[in-house]
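*Asks:* Sequence and predicted model, in that order:
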Amino acid sequence: MSTTAKLEIRDVEQRFDSTVALSRTSLNVRDGEFISIVGPSGCGKSTLFNIVSGIQRPTGGRVLLEGSDVTGRSGQVGYMLQKDLLLPWRSTLDNILLGASLTRRVSRADRAHAAGLATQYGLGDFLDHYPHAMSGGMRQRVALMRTLAFARDVMLLDEPFGALDSQTRMEMQQWLLRVWAEQRSTILFVTHDVDEAIFLADRVVVMSPRPGRIRQVFDVELQRPRDLETLTTPEFTTLKRDILALIYERDAAPGAPSPSSGGESPSSTPNGRQA
Amino acid sequence: MIRARHQDKLWLRLAVPVLSVLAVVAVWLLLVHGVGVAPYVLPSPSATVRAIADDWDVLSDGIVITGKEFVLGFLVGTATGFGLAVFMAQSRWVLRALYPILIASQAVPIIAIGAALVIWLGFGLTPKVVIVALIVFFPVVVNVLDGLSSVDEDSINLARSMGGGPWRTFRTVRLPATYTPLFSALKMSATFSVTGAVIGEQTASSTGGLGVYLTQQQSRLNTAAVFADIVLLAAMGIIAFALIAVLETIATPWRRHGSAPRRWRTHVSRPGDVAPGSEVRPAEAAPPVPASKGAR
Ligand SMILES: Nc1ncnc2c1ncn2[C@@H]1O[C@H](COP(=O)(O)OP(=O)(O)O)[C@@H](O)[C@H]1O
Ligand SMILES: [Mg+2]
């Protein structure tokens, strides 16, 4: 897998003075893969994203994109931060075009492309709206379209649906899977919601704090397309129980070995458990 | 609440201020004709209007002279204030070094500064422009700095993650955040920088103007002429305020509208606009139902 990795996070480490925000972490991401990352606050999820996006240079390790070193280089991946960060003075279309206007003169083709994307994903009637006139769900869509219009193969989404009510959240998950499938993007997705993490992902990365590290990576071998049925399959339930057990430091089942607390580069094994 | 005001009928929005001005004139009339206040204390509105007409030659020159000081000072003060704020925002050390000097400059009475300026710059246009500029400049610096620092650091991070250089990031993400506070500062300054022009002229002047006229008529106890001058000065402040308010409405449409007004729209919506590269790629069907219950 390491030779075909779309994105390779290799021995990345981040210290802030004495605190270790992220201890030596490695992860390989395949092209077109959807990876969910779960873990309590402060376990270094955002730090990891800041490093992969290049806005923060790690104190150790490297980030490789299709084999080339992009450590500390921004503009290589799409990054949607925890807040929607829409600019209040820009209409939907102009917010979506932010990436373009930050790097070049925005052309007619840029506008047409952005308008096309927005229309294709349900924002067609909102192109001229200012952010303050839109609901939370709509704003998240715009923020995601902004990331998508930036047109990078890899997208980092940091708790994009965290602030939404559960109804809207469901719609948005569906919508995101549609975008992902159609655009063939590679997505890293941070969430607090284990159901959401499993439902969306090919693999679920569980992180833990002090020091921030990857505890374990779970393969999600549920068929796609996934639907309501998926949530009640034994595979889903088992996986969810294992992940929750790991997060809450309980054993998943009687006799199961306790989860490893080794901080570095867990390789993915079917259904997770790593020695 | 701003948008609620926007929805009010235009005639209503115009009629109410006109009515309130008429009410002031009515009280004025009542004081002069009803209560019988002496004309050398309070001239009647008609006497004031007559005073404007009688001395129109001098007064119209005064309007031009004072207006020029006012407008030039306003522009100079705004430009320097804005530039300085942007400069100060580049580094917190520059900010910390300059802020106390700024505040001290405002603590010195403008009359004292006026006297010094006359010594340095003479009796002409320049010292008045400088005084007006000094008055406008401070609120502009403070408000623009506020605007610049109101921008979420994460917006800057987002711009950096998209590969935006410092200048484009500044122009795109920070600069527009200053417009609203800038206009607040300008509206405040619009009125009291008229005072600045008057003080400048009264400190020393060889050029005339409404401030000079005011001093002359005051020494003659010509109350009607003094009132005529006051009315013109007030009108100047009101017009400046109104112009800035109109400019603000045009420049910051997002504060009053839910969607971009036509002239600000950045796309021409034509049916059948097909974006290159946005065609649907072959895809698996979207799963109909996702998971959601908060697991923890
Ligand atoms: N710029 C920084 N300076 C110092 N400490 C930081 C900084 N950024 C993050 N941290 C610390 O690193 C740890 C991980 O933070 P973060 O990546 O934001 O966690 P998460 O996103 O998982 O909640 C936290 O303990 C946080 O306080
Ligand atoms: Mg975070």
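*Replies:* Cool, got the structure. Ligands and ions are numbered 1, 2, ... in the order given.
*Asks:* Residue B:16: how many residues sit nearby?
*Replies:* 11 (other Cβ atoms under 10 Å in any protein chain shown). Any C-beta I mention is one placed from the backbone N, CA and C, and that applies to glycine too.
*Asks:* My error: substitute residue B:262 in the last question.
*Replies:* 7.
*Asks:* need the contact list for it.
*Replies:* For residue B:262, the contact set (Cβ atoms under 8 Å, 6 or more residues apart in numbering or on different chains) is empty.
*Asks:* go on, residue B:164?
*Replies:* For residue B:164, the contact set (Cβ under 8 Å, 6+ apart) comprises A:102, A:103, B:172, B:173.
*Asks:* let's see it at 7 Å
*Replies:* Counting by Cβ atoms under 7 Å, 6 or more residues apart in numbering or on different chains, residue B:164 makes contact with A:102, A:103, B:172.
*Asks:* again with residue B:128
*Replies:* For residue B:128, the contact set (Cβ under 7 Å, 6+ apart) comprises B:69, B:73, B:197, B:200, B:201.
*Asks:* How about residue B:161?
*Replies:* Residue B:161 neighbours (Cβ under 7 Å, 6+ apart): A:53, A:54, A:55, A:74, A:79.
*Asks:* separation between it and residue A:188?
*Replies:* 13 Å (Cβ to Cβ, to the nearest Å).
*Asks:* burial count for whichever residue of chain B sits closest to ligand 1?
*Replies:* Nearest residue of chain B to ligand 1 (Cβ to the nearest ligand atom) works out as residue B:153 at 10.1 Å. Residues near residue B:153, counting by other Cβ under 10 Å, number 8.
*Asks:* still on that earlier bit, just the contacts of residue B:161 that are near chain B?
*Replies:* Intersecting the contacts of residue B:161 with the contacts of chain B gives A:53, A:54, A:55, A:74, A:79 (criterion: Cβ under 7 Å from any Cβ of the partner chain).
*Asks:* Tell me the spatial nearest neighbour of the second one, not counting adjacent residues.
*Replies:* With Cβ to Cβ, 6 or more residues apart in numbering or on different chains as the criterion, residue A:54 has its nearest non-adjacent residue at 3.7 Å, and that residue is residue A:74.
*Asks:* So that neighbour, which state does it fall into?
*Replies:* At residue A:74 the chain is in coil, as set by DSSP: H, G, I helix; E, B strand; the rest coil.
*Asks:* Can you give me the neighbour number for it?
*Replies:* Other residues close to residue A:74 by other Cβ under 10 Å number 18.
*Asks:* From residue A:211, how far off is it?
*Replies:* Noted for residue A:74: a distance of 25 Å to residue A:211, by Cβ to Cβ.
*Asks:* How about residue A:32?
*Replies:* Distance of residue A:32 to residue A:211, given as Cβ to Cβ: 31 Å.
*Asks:* What of residue A:244?
*Replies:* Residue A:244 is 22 Å from residue A:211, where distance means Cβ to Cβ.
*Asks:* residues in contact with whichever strand or helix holds residue B:114?
*Replies:* Under the criterion of DSSP states H and E, residue B:114 resides in helix B:110-121. The contact list for helix B:110-121, computed with Cβ under 7 Å, 6+ apart, reads B:127, B:130, B:131, B:134, B:135, B:196, B:199, B:200, B:203, B:204.
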